[in-house]
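> compute the structure for the input listed below.
(2 chains)
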Amino acid sequence: GQSLEQPSEVTAVEGAIVQINCTYQTSGFYGLSWYQQHDGGAPTFLSYNALDGLEETGRFSSFLSRSDSYGYLLLQELQMKDSASYFCAVSASQQAGTALIFGKGTTLSVSS
Amino acid sequence: NAGVMQNPRHLVRRRGQEARLRCSPMKGHSHVYWYRQLPEEGLKFMVYLQKENIIDESGMPKERFSAEFPKEGPSILRIQQVVRGDSAAYFCASSQKVSGANVLTFGAGSRLTVL
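A predicted model of the protein is given here:
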């Protein structure tokens, strides 16, 4: 079976830094992705890690440790518009184009 | 350059009726995926298709649900004899065949309400 665990809710204030963790258990592993969804709208791609280490894209960074089956999304200089749901997802196969399996999502609430 | 187009955006059906949801992938994308999302929950994988082929339908219920992606036209997710438990948002996503990250581009979703 395949499972991904992430916290259901996180709260923070503007300007703060927040880390959303994700642990996964899959029969195979190709990479860990992160998606953002505002108010039930279309999820949008944020970042991807296939190898261990940190990937930085502006205010957002994502980390992966394959040996620990663990990753996290780091959001810096939080803004109100960052309030959304964040999903980690795994490609559970070595084959390109395989469907992504998503976690249940973390709802981030940013207050002023 | 239109993104992933889904229609209808909202659909209301009575129990026992059929629901048809359509998805046109992004131009140049040959992979289509359907996901279901219940309120306050994650995206549950249903089916993965390429043109005229179902690649993985492991997440789709065996009865009443079917999907297709014909050579011409959009991908269609069909739900027969709908029940109240089918009420959900159904998201379609598409991607290119790449060797690295499989980046999915999602449509805005079709929200099905079963009365």
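> tell me which residues touch residue A:112, please.
Shown in contact with residue A:112 (Cβ atoms under 8 Å, 6 or more residues apart in numbering or on different chains): A:13-14, A:80. The C-beta positions use only the backbone N, C-alpha and C, and glycine is treated the same way.
> please apply the same query to residue A:3.
Shown here is residue A:3, whose contacts under the criterion Cβ under 8 Å, 6+ apart are A:24-26.
> can we see that at 7 Å?
Residue A:3 sits next to residue A:25 when contact means Cβ atoms under 7 Å, 6 or more residues apart in numbering or on different chains.
> please report phi then psi for residue A:60.
Per-residue torsions, residue A:60: phi -100, psi 140 (degrees, to the nearest 10).
> likewise residue A:81?
When read as degrees, to the nearest 10, the backbone of residue A:81 gives phi -70, psi -10.
> enumerate the residues of chain A near chain B.
Remark: the part of chain A in contact with chain B comprises A:31, A:33, A:40-43, A:45, A:48, A:50, A:87, A:91, A:96-105, using Cβ under 7 Å from any Cβ of the partner chain.
> run the last query once more with 6 Å
Residues of chain A lying near chain B by Cβ under 6 Å from any Cβ of the partner chain: A:31, A:42-43, A:45, A:48, A:91, A:96-97, A:99, A:101-105.
> the residue nearest the centre of chain B sits in which helix or strand?
Nearest residue to the geometric centre of chain B (Cα atoms, centre = their mean): residue B:34, 3.3 Å. Taking DSSP states H and E as the definition, residue B:34 sits inside strand B:31-37.
> in the chain, where is pLDDT below threshold?
Reading this off chain A. The model of chain A has pLDDT under 70 over residues A:1, A:93-97.
> actually it's chain B I care about, not the one you picked
Residues of chain B meeting the criterion pLDDT under 70: B:1, B:97-100.
> 90 instead?
For chain B, applying pLDDT under 90 flags the ranges B:1-2, B:28-31, B:39-42, B:51-52, B:58, B:95-103.
> how about the residues of it near chain A?
So chain B meets chain A at B:31, B:33, B:41-43, B:45, B:48, B:56, B:97-99, B:101-103, B:106, B:108 (Cβ under 6 Å from any Cβ).
> among the residues of chain A next to chain B, which are located in strands?
A:31, A:45, A:48, A:91, A:101-102 (DSSP state E).
> can you pull out the strands in chain A?
Using DSSP E, strands in chain A cover A:3-5, A:9-13, A:18-25, A:31-37, A:44-49, A:53-57, A:60-65, A:70-75, A:84-91, A:100-102, A:106-111.
> which residues does the nearest residue to residue A:51 once chain neighbours are set aside bridge with?
Of all residues beyond its chain neighbours, the one nearest residue A:51 is residue A:64 (7.0 Å), with distances taken as Cβ to Cβ, 6 or more residues apart in numbering or on different chains. Beta-bridge pairing of residue A:64 under DSSP bridges involves residue A:53, residue A:71.
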